[in-house]
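Participant: quick one: sequence and predicted model below, then my questions.
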Amino acid sequence: MATYQSDQVKAGRVFSGICPPTQVQTVCGIFNIATVLAQNDIVELVKLPAGATVVGGHLRAIDIDTGTEALDIDIGWAANGVENADPDGFGNLGVWTGDTNNTFPLAGELFVTGPKKFTNETTIQLVCNAAANAGGTGKVWVVVEFVMGV
């Protein structure tokens, strides 16, 4: 198991809530998968500030797995000291089958109970459940929409 970080997370960048509390803010985390991800590998994409409430977003990637697809990556969050980790809290995505691209709305918890509030600073991350059958490299990015103080 390995943990990788987007440039934003490596730089220690936490997106701060600079807008009025009910104004939707958008953050983007980008990671170039240069080494094929293995089962249980984690990619940390963005860090949200304490008090952020996620209201939407999406995950996108090029076709990372060619031929007979096997790549299975979920999106969720790491434990933050108050909320428990939920590796697929925003999407249990199953096998990625996009031949030219993959686009997934942030769903999971958002579809079941509505907006997700985080008490402490929180890392939004990917967890690899199964490696790619062929290829296995390429760019992934997440856009997270959140409000503060709600």
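Facilitator: Great, that's in hand. Worth saying up front: this structure is predicted, and the values here are computed from it rather than measured. Numbers count the residues shown, from 1 in each chain.

Participant: give me the pLDDT for residue 22.
Facilitator: Here the pLDDT value assigned to residue 22 is 77.

Participant: hang on, it packs against residue 115?
Facilitator: No: the pair residue 22 / residue 115 is not scored as a contact, 11.7 Å apart, by Cβ atoms under 8 Å. All C-beta spots, glycine's among them, are computed from the backbone N, C-alpha and C.

Participant: tell me, what's touching these two both at once?
Facilitator: Both residue 22 and residue 115 are in contact with 147, 150, where contact means Cβ atoms under 8 Å, 6 or more residues apart in numbering.

Participant: and those two? Which one has more around it.
Facilitator: residue 115 (15 against 9; other Cβ atoms under 10 Å).

Participant: now do the contacts for the more buried one.
Facilitator: Here residue 115 is in contact with 53-55, 147, 150 (Cβ under 8 Å, 6+ apart).

Participant: of those residues, which one scores lowest on pLDDT?
Facilitator: residue 150 (74).

Participant: and it, how far from residue 53?
Facilitator: Here residue 150 is placed at a distance of 5 Å from residue 53 (Cβ to Cβ, to the nearest Å).

Participant: quick revisit: residue 33: which of the contacts of residue 115 is nearest?
Facilitator: Nearest to residue 33, judged by Cβ to Cβ, of the contacts of residue 115 is residue 54 at 23.5 Å.

Participant: wait, doesn't that closest one sit right on residue 144?
Facilitator: Yes: Residue 54 is within contact range of residue 144, at 6.0 Å (criterion: Cβ under 8 Å).

Participant: anything in contact with each of those two?
Facilitator: 48, 106.

Participant: so residue 129 touches residue 74, yeah?
Facilitator: Yes: counting by Cβ under 8 Å, residue 129 does reach residue 74; the two are 6.4 Å apart.

Participant: for stretch 59-74, measure first residue to last.
Facilitator: 10 Å (Cα to Cα, to the nearest Å).

Participant: can you give me how far it is from the chain middle?
Facilitator: 14 Å (Cα atoms, centre = their mean, to the nearest Å).

Participant: now what about the worst-scoring helix or strand of the chain on mean pLDDT, what contacts it?
Facilitator: In the chain, no helix or strand scores lower on mean pLDDT, DSSP states H and E than helix 7-10, which sits at a mean of 76. With Cβ under 8 Å, 6+ apart as the test, helix 7-10 has contacts from 29-31, 44-47, 123.
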